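Got a sequence here, can you model it:
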Amino acid sequence: MANTLSGSVAVEVIREMGCTPEDLMRWLAKALGDLYQSTSLVIDDRELLHGMPPRILLQGATLKSRKIALLSIPVLKLRITFDQSFSVRQIESILGRFDLYTRRGGG
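Okay, the predicted model is just below:
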């Protein structure tokens, strides 16, 4: 199971997302771009993606769906861990792109 990074941990970020693990898998390649190949993803103790070598580790747990009237919204708690090779500016840029591709909006 992918639970270690290629370098020491530099930054950890927690996100609570309104998506399923399957949704996240569909979005992840575009959300991470060139870093997709060096990313590992583990959700509910199941390894879904194994980056070589892993520089970003995403660990998630599915939580109870939220219900609003007849609407049911899935909840995924995600910990994103970056190894020490990333600068703060790089992490901010990566998270900006990740958020752009993974946040749902309405209009």
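
Surely residue 19 is in a helix?
No: when classified by DSSP: H, G, I helix; E, B strand; the rest coil, residue 19 is found to be coil rather than part of a helix.

So it is in contact with residue 76, correct?
Yes: the pair residue 19 / residue 76 is scored as a contact, 5.6 Å apart, by CB atoms under 8 Å. The way it works is simple: take the backbone N, C-alpha and C, and place the C-beta from them, glycine included.

in this structure, which spans are strands?
9-17, 39-43, 46-49, 56-68, 71-83 (DSSP state E).

Roughly how far does residue 46 sit from residue 59?
11 Å (CB to CB, to the nearest Å).

Between these two, which is the more surrounded one?
residue 59 (18 against 10; other CB atoms under 10 Å).

Look up which residues are beta-bridged to that one.
residue 42, residue 79 (DSSP bridges).

related to what we said a few turns ago, pick the most buried one from the strands of the chain.
strand 39-43 (a mean of 22; mean count of other CB atoms under 10 Å).

and that one, what does it pack onto?
Under the contact criterion of 3 or more CB pairs under 8 Å, 6 or more residues apart in numbering; DSSP states H and E, strand 39-43 touches helix 21-32, strand 46-49, strand 56-68.

Good, wrapping up.
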